[in-house]
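> here is my input, please return the structure:
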Amino acid sequence: MTIEKAQEQVDEWIKKYGVRYFNELTNLAVLTEEVGELARIISRKYGDQSFKDKEEDGDLGDEMADVLWVLLCLANQTGVDLTKALEKNIKKKTQRDSKRHKENKKLWKQKPPEN
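Numbering: from 1, shown residues only. Now for the predicted structure:
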């Protein structure tokens, strides 16, 4: 599925089942909530925290999809074409950071390769 198709499917779902989009501020709050749920799982699976007794591991992919869903909603309701935005963002990062990370000695356990 392309990002464009995902935006279209979310919009169709909202129109068919959701009545309307929540307002942008509500969706921002929902996005923050979903990111928190994702962070909770990651901090327990990959970080130093542990799951509480009887707490489920959670579905990492489902939580990521929840974050993506709300982000797609925000893009739709604010008129952002996420495909174009991501392409532009990748270009920006490539121009700005083409050498930055390779030259960051903190990222290398040994001397970085010669370019």
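> every contact and neighbour count from this point should use C-alpha atoms.
Fine.
> low-confidence ranges, the chain, go.
Applying pLDDT under 70 to the chain picks out residues 110-115.
> okay, now the domains of it?
3-80, 84-115 (automatic domain parsing).
> what residues sit buried inside the helix ranked longest in the chain?
Taking DSSP state H as the criterion, the chain has its longest helix at helix 24-45. Buried residues in helix 24-45, counted by 16 or more other CA atoms under 10 Å: 27-28, 30-31, 34-35, 37-42.
> as JSON lines, those residues with distance to Val70 would be great.
JSON lines is the format used below for the buried residues of helix 24-45 (distance: CA to CA, whole Å):
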{"residue": "Asn27", "distance to Val70": "7"}
{"residue": "Leu28", "distance to Val70": "8"}
{"residue": "Val30", "distance to Val70": "7"}
{"residue": "Leu31", "distance to Val70": "6"}
{"residue": "Glu34", "distance to Val70": "8"}
{"residue": "Val35", "distance to Val70": "10"}
{"residue": "Glu37", "distance to Val70": "13"}
{"residue": "Leu38", "distance to Val70": "13"}
{"residue": "Ala39", "distance to Val70": "16"}
{"residue": "Arg40", "distance to Val70": "18"}
{"residue": "Ile41", "distance to Val70": "18"}
{"residue": "Ile42", "distance to Val70": "19"}
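> shouldn't Asn76 be in contact with Ala6?
No - using CA atoms under 8 Å, Asn76 is not in contact with Ala6, being 10.3 Å away.
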